[in-house]
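Engineer: Sequence plus predicted model, see below.
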Amino acid sequence: MKAVIDVRNPRRPSSAMKKAIGDNMIPKPLGFEKGLELVKRAGFDGVELWLGDVPWFQMTTTDAEVRALRRAVESAGLVVSNVSTGLHWASPLSARDPQVRARAVRIVEREIETAVLLGADAILVVAGLVTEEVPYNEVYLRCVDVLKPLGEQAARAEVKIGCENCNSEQRFLISPREFSQFLNDVNSPAVGIHLDVGNIHDTGFPEQWIEMHGRRITRIHVKDVLRHRGRSGDQSVYTNLFLGDNNWPAIRAALSKVGYDGWLVAEMEARYRYAPDQQFYDTARAMDRIVSGQLA
Amino acid sequence: MIISRRTFLGCAAGAVAVLRLPPVHGIAARTALSTVRPSTILDLEEHCCLRESLVGYRDALGALGPARREVLIVPGVLGTPPWAARRIAQALDDGATVILESGAGFASAREFRAHRAALDEYFQIRIEEPVPLWPARATPYVDFTWPSAVRIRDFTRAIPLASQPGEIIARAGDCPVALARRVGVGTLVFLGSPVGPALRAGDTQAHGWLADVVG
């Protein structure tokens, strides 16, 4: 029988979960290096770098410049937890236009390349976008088609592709079982799920997603969710940790159950209106409580 | 045989015979009902710009089994190399139905100009520039009238047909996007809105349409 391959970081010996936060959270006036200092001071272990979302990390950023980003991260006493991108919202892997699809594939390839340069072993991909125009079945098949060869590329680079569950926004892979079938169809040990526990809203329970996907989880995004708002309202459905409806003791217990010891990555949509640096400190402390399990 | 563009249809049928299409049962009657013929897909390789369409036709035909009518399907056409034109000419000469599916909806302006010129010169099919069907208030389905009346998902952009001989067999709203034309003893079907991706996505009506074409 073929051994199950752990898609989480195989190179990290520690069994304790670590905390990271996205560089797209860094207040603009700070810039990258001062932002990293804030991330470190707040108590994070790493930083998630967002390709295309921040001025210092774009598709046009050269390899040499990416290496410089890594030096800056390490100089701040941090590591890169993973590479993410929001570029697939505008250029989806499921686009009908073959040229848009080619651009989307190139974005994933660049994520893989930069992950290697940055010393990270996981990337986030928003796989597919169902719209009124491009229906579900088309999206599903194109994503499976495109992720098979990308999975092979990622495996060669020793990087895992984590498809994020952006359930409401993507209108795609809404249930954990559906997502599991999707990963079965892609059938690549290098392709798993970047599980966002805030994205499940009122369509399920993140702890059940964790149980179901277990060793296929590449990274965990953390934020809280106000289910009653729904996604289509004019107020953000997301909020800061412990202010929403997520059942954090249940989430923590599920993480223990499946033996997840990888990165927890803060992805906060709601930003502090004043003293934005305080959000880093508050988020890091809240994540410490999740890691320690002190949630009573 | 080296074929020039201008002589293509001469090779196909001696002369272009443009006839109003008979109903599907009329066409089937020309073929002995006991005859079982294969349907063939012509893979234009790098000149096919919608590979998913090719996969859609291939899988759908595999599920249908042998056809009663000889059908040659050319999915996702962008370029038309001479060898492909010769193959299409031969099929029409043999009395086949040829489905020529344009894949140029998303082509660059330069690619589209070449596509349009090739369609005109080889097949005397005259097309207009692609039109976006989205955004739309409701799904802009493509309504086929031949060989059966079915409604198939659009593919975001459609290639309208100019006024010309032949029968319009599908429209997206008021826009004519597919045509069938008798060429000698064969039938040439041009699709300006691809059906292959809908086949691949499991569109039941698209499968029904193909089954009716194959006979």
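Structural biologist: Alright, I've got the coordinates. Numbers count the residues shown, from 1 in each chain, chains lettered A, B, ... in the order given.
Engineer: okay, the residue of chain A found nearest chain B: pLDDT?
Structural biologist: For chain A and chain B, the shortest gap (Cβ to the nearest Cβ) falls at A:Asn137, measuring 3.8 Å. For glycine as for every other residue, the C-beta is placed from the backbone atoms N, C-alpha and C. On pLDDT, A:Asn137 comes in at 96.
Engineer: for it, phi and psi?
Structural biologist: Backbone geometry at A:Asn137, expressed as degrees, to the nearest 10, gives phi -60, psi -40.
Engineer: how many neighbours does it have?
Structural biologist: 16 (other Cβ atoms under 10 Å in any protein chain shown).
Engineer: ok now do it, which residues does it touch?
Structural biologist: Residues in contact with A:Asn137 (Cβ atoms under 8 Å, 6 or more residues apart in numbering or on different chains) are B:201-203.
Engineer: For stretch A:127-145, list every residue counted as buried.
Structural biologist: Across stretch A:127-145, burial judged by 16 or more other Cβ atoms under 10 Å in any protein chain shown covers A:127-131, A:133-145.
Engineer: starting at the chain centroid, how far to that stretch?
Structural biologist: Its chain's average C-alpha position is 20 Å from that of stretch A:127-145, according to Cα atoms, centre = their mean, to the nearest Å.
Engineer: Now look at the longest strand along chain B and say if it contacts chain A.
Structural biologist: If you go by DSSP state E, chain B has its longest strand at strand B:175-183. No. Strand B:175-183 lies out of reach of chain A by Cβ under 8 Å from any Cβ of the partner chain, never closer than 15.6 Å.
Engineer: Flag the shaky bits of the chain, pLDDT-wise.
Structural biologist: This is for chain A. Low-confidence segments of chain A (pLDDT under 70): A:1-15, A:230-233.
Engineer: let's do chain B instead
Structural biologist: Chain B contains residues with pLDDT under 70 at B:1-36.
Engineer: for chain A, what are the nearby residues on it?
Structural biologist: B:49-50, B:52, B:106, B:134-136, B:139, B:153, B:155-156, B:197, B:200-203.
Engineer: between these, which is nearest A:Asp277?
Structural biologist: B:Pro135 (41.1 Å; Cβ to Cβ).
Engineer: circling back to that earlier point, which of the contacts of A:Asn137 has the most neighbours?
Structural biologist: Busiest of the contacts of A:Asn137 [other Cβ under 10 Å] is B:Asp203, holding 22 neighbours.
Engineer: Helices along the chain, start to end?
Structural biologist: Chain wasn't specified; assuming chain A. A:31-42, A:63-75, A:98-118, A:136-156, A:167-170, A:176-186, A:206-213, A:248-258, A:276-292 (DSSP state H).
Engineer: The chain in question should be chain B.
Structural biologist: Under DSSP H, chain B gives helices at B:8-13, B:24-29, B:51-64, B:82-93, B:109-123, B:196-200, B:204-214.
Engineer: what's the most buried one of those helices?
Structural biologist: helix B:196-200 (a mean of 27; mean count of other Cβ atoms under 10 Å in any protein chain shown).
Engineer: now B:Arg182: how far from B:Pro165?
Structural biologist: To B:Pro165, B:Arg182 is 9 Å away according to Cβ to Cβ, to the nearest Å.
Engineer: swap in A:Cys166?
Structural biologist: According to Cβ to Cβ, A:Cys166 and B:Pro165 sit 50 Å apart.
Engineer: And for B:Thr80?
Structural biologist: B:Thr80 sits 20 Å away from B:Pro165, going by Cβ to Cβ.
Engineer: Looking at these two, which has the bigger crowd around it?
Structural biologist: Neighbours were counted for B:Thr80 and for B:Pro165 using other Cβ under 10 Å; B:Thr80 has more, 23 against 15.
Engineer: Would you enumerate the residues in contact with that one?
Structural biologist: B:44, B:47, B:115, B:118-119, B:122.
Engineer: Among these, which one sits closest to chain A?
Structural biologist: Nearest to chain A among the contacts of B:Thr80, counting by Cβ to the nearest Cβ, is B:His47 at 13.2 Å.
Engineer: what number of residues lie near the closest one?
Structural biologist: When neighbours are defined as other Cβ under 10 Å, B:His47 has 17 of them.
Engineer: surely it meets B:Ala84?
Structural biologist: Yes. B:His47 is within contact range of B:Ala84, at 7.1 Å (criterion: Cβ atoms under 8 Å).
Engineer: Please name the nearest non-neighbouring residue to the closest residue to chain A within chain B.
Structural biologist: Nearest residue of chain B to chain A (Cβ to the nearest Cβ) works out as B:Ala201 at 3.8 Å. Distances taken as Cβ to Cβ, 6 or more residues apart in numbering or on different chains place A:Asn137 nearest to B:Ala201, at 3.8 Å, with adjacent residues excluded.
Engineer: Ok, A:Pro249 next?
Structural biologist: A:Leu295 (4.7 Å).
Engineer: I'd like to know how many residues surround the one you found.
Structural biologist: For A:Leu295, the count of nearby residues is 15 (other Cβ under 10 Å).
Engineer: before we move on, what about A:Leu183?
Structural biologist: A:Leu183, neighbours per other Cβ under 10 Å, totals 19.
Engineer: Could I get the contacting residues of it?
Structural biologist: Contacts of A:Leu183 by Cβ under 8 Å, 6+ apart are A:163, A:191-193, A:213, A:216.
Engineer: how does it look with 7 Å?
Structural biologist: A:191-193, A:216 (Cβ atoms under 7 Å, 6 or more residues apart in numbering or on different chains).
Engineer: Contact partners for the residue nearest to B:Pro132 when sequence neighbours are not counted?
Structural biologist: Among residues not flanking B:Pro132 along the chain, B:Arg157 sits closest, at 5.5 Å (Cβ to Cβ, 6+ apart). Going by Cβ under 7 Å, 6+ apart, B:Arg157 touches B:105-106, B:130-133.
Engineer: Who wins on neighbours among these?
Structural biologist: In terms of neighbours by other Cβ under 10 Å, these top out with B:Gly105 at 24 neighbours.
Engineer: measure that one to B:Ala178 for me?
Structural biologist: Counting by Cβ to Cβ, the separation of B:Gly105 from B:Ala178 is 13 Å.
Engineer: Please verify my assumption that A:Ala286 contacts A:Leu241.
Structural biologist: Yes. A:Ala286 lies in contact with A:Leu241 (Cβ atoms under 7 Å); the separation is 3.9 Å.
Engineer: Around chain B, pick out the residues from chain A.
Structural biologist: A:96-99, A:132-133, A:135, A:137-138, A:141-142 (Cβ under 7 Å from any Cβ of the partner chain).
Engineer: what does stretch A:271-286 contact?
Structural biologist: A:19, A:21, A:27, A:38-39, A:42-44, A:240-242, A:266, A:268.
Engineer: Output these in JSON lines; the columns should cover distance to A:Val83 and neighbour count.
Structural biologist: Formatted as JSON lines, the contacts of stretch A:271-286 follow (distance: Cβ to Cβ, whole Å; neighbours: other Cβ atoms under 10 Å in any protein chain shown):
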{"residue": "A:Lys19", "distance to A:Val83": "17", "neighbour count": "23"}
{"residue": "A:Ile21", "distance to A:Val83": "14", "neighbour count": "30"}
{"residue": "A:Pro27", "distance to A:Val83": "21", "neighbour count": "16"}
{"residue": "A:Leu38", "distance to A:Val83": "20", "neighbour count": "19"}
{"residue": "A:Val39", "distance to A:Val83": "16", "neighbour count": "29"}
{"residue": "A:Ala42", "distance to A:Val83": "21", "neighbour count": "20"}
{"residue": "A:Gly43", "distance to A:Val83": "22", "neighbour count": "15"}
{"residue": "A:Phe44", "distance to A:Val83": "16", "neighbour count": "26"}
{"residue": "A:Asn240", "distance to A:Val83": "25", "neighbour count": "18"}
{"residue": "A:Leu241", "distance to A:Val83": "23", "neighbour count": "20"}
{"residue": "A:Phe242", "distance to A:Val83": "28", "neighbour count": "13"}
{"residue": "A:Ala266", "distance to A:Val83": "16", "neighbour count": "24"}
{"residue": "A:Met268", "distance to A:Val83": "19", "neighbour count": "23"}
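Engineer: Perfect, I'm done here.
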